[in-house]
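**Q** Okay, predicted coordinates and the sequence, questions at the end:
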Amino acid sequence: MSLAGLLATLEPLGGFEARVYAEKDRVYKVYAPKERHLAWLEAQNLARAGHGAMVLKVEEVEGHGLLVLRRFPGQPFSREAFTPTLLGALSAYFQALHRLPEPGKVEEEALLARLEGFLEVLHDLPEARGLLEALKKEVKRVAGLERAFCHRDPWAGNVLVRAEGAGEPVFLVDWARAGGDDPARDLAILKTGSLDLLGEASGEALARLVRSYPRSAEVWARLRFWVPLTYLHDLVWFRTKAREGFAQAVAEKLPLALRFFRDPPALW
């Protein structure tokens, strides 16, 4: 059967870096020819994270990268699905992931280059410019840290939650971007992309998650850099990739970035 013939029999689920399809117990990720290598990279990262058993097949089909996975029976993270038990599961999941070492350290030069790039894109927003200049002074707080294995994209659509009592409660999907980084960056993306669905309770949920981390105070201090930067990253994404949503993103995310930097929630 041709690739098109196979996909015609499956349920399309959308996707960004890859087209995603599913049947009852399998997920099929199809990478375009120019990015077909990501199918193998994602399979490797899944194995690195301890999820190698989820990978059923990875191969090239008609120039495309095809990754076939077991389907995790869960739904994307939502306010309705959130429970203290789920928060504990998320904490355990990320701590296990972040115990895996990766070579190298978080580089000051790369962080400063990212900030300069954001300044160029957001140059016409005075509050964003001021925040980025303030974040430059915080770079040394995170630079030089030994890197750990991180997912690097745990927004709500990538955080699948299963009903309590039915097996492993949480599973992350989309591992093509995974790699060495500061674990606090993973937690910042989890906060801005998932926990923020809880509204005002998001800060306390993040604090409760971080409290169980080794050297939690140090992780929390680094979040004062990473959480605002992640909100600003979202603004850059909207301005460069989805301009129709940029104004709303500024109205919603810039105040959150400023608030977290100026008056972060208490850890204890």
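**A** Nice, thanks for sending it over. What you are looking at is a predicted structure, and each value in this text was computed from that prediction instead of being measured.
**Q** low pLDDT regions in the stretch 151-268 of the chain?
**A** Where the stretch 151-268 of the chain drops to pLDDT under 70, the residues are 165-166.
**Q** ok, now with 90
**A** 163-168 (pLDDT under 90).
**Q** Please enumerate the strands of it.
**A** Ranges of strands in the stretch 151-268 of the chain, per DSSP state E, counting those that start in this stretch, are 159-161, 170-172, 179-181.
**Q** Columns distance to residue 66 and mean neighbour count on top of the ones you listed, output as TSV?
**A** Where you see a C-beta, it was placed from the backbone N, CA and C, and this is true even at glycine. Formatted as TSV, the strands of the stretch 151-268 of the chain follow (distance: least, Cβ to Cβ, whole Å; neighbours: other Cβ atoms under 10 Å):
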stretch	distance to residue 66	mean neighbour count
strand 159-161	21	23
strand 170-172	21	21
strand 179-181	22	18
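**Q** Put together a markdown table for those, with distance to residue 210 on each row.
**A** Below are the strands of the stretch 151-268 of the chain laid out as a markdown table (distance: least, Cβ to Cβ, whole Å):
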| stretch | distance to residue 210 |
| --- | --- |
| strand 159-161 | 17 |
| strand 170-172 | 17 |
| strand 179-181 | 16 |
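**Q** which one of these lies closest to residue 259?
**A** Residue 259 lies closest to strand 159-161 among the strands of the stretch 151-268 of the chain, at 23.4 Å (Cβ to Cβ).
**Q** residue boundaries of the helices in the stretch 101-250 of the chain?
**A** Using DSSP state H, counting those that start in this stretch, the helices of the stretch 101-250 of the chain run over residues 108-121, 126-136, 139-142, 183-193, 202-211, 216-241, 246-262.
**Q** Could you measure from residue 246 over to residue 125?
**A** To residue 125, residue 246 is 10 Å away according to Cβ to Cβ, to the nearest Å.
**Q** Overlap of the contact sets of the two?
**A** residue 235 (Cβ atoms under 8 Å, 6 or more residues apart in numbering).
**Q** re earlier: now the helices of the stretch 101-250 of the chain in TSV, with mean neighbour count and distance to residue 26?
**A** Shown next, in TSV, are the helices of the stretch 101-250 of the chain (neighbours: other Cβ atoms under 10 Å; distance: least, Cβ to Cβ, whole Å):
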stretch	mean neighbour count	distance to residue 26
helix 108-121	14	37
helix 126-136	16	43
helix 139-142	17	39
helix 183-193	24	26
helix 202-211	19	31
helix 216-241	20	30
helix 246-262	16	35
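**Q** Using a markdown table, please lay out those helices together with distance to residue 37.
**A** A markdown table is the format used below for the helices of the stretch 101-250 of the chain (distance: least, Cβ to Cβ, whole Å):
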| stretch | distance to residue 37 |
| --- | --- |
| helix 108-121 | 23 |
| helix 126-136 | 33 |
| helix 139-142 | 30 |
| helix 183-193 | 23 |
| helix 202-211 | 34 |
| helix 216-241 | 22 |
| helix 246-262 | 31 |
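**Q** Just tell me which of those helices ends up closest to residue 58.
**A** helix 183-193 (24.4 Å).
**Q** Enumerate every residue touching the spatially closest residue to residue 174 that is not a sequence neighbour.
**A** Of all residues not flanking residue 174 in the chain, residue 158 sits nearest, at 4.8 Å (Cβ to Cβ, 6 or more residues apart in numbering). Residue 158 makes contact with 76, 151, 172, 173, 174, according to Cβ under 8 Å, 6+ apart.
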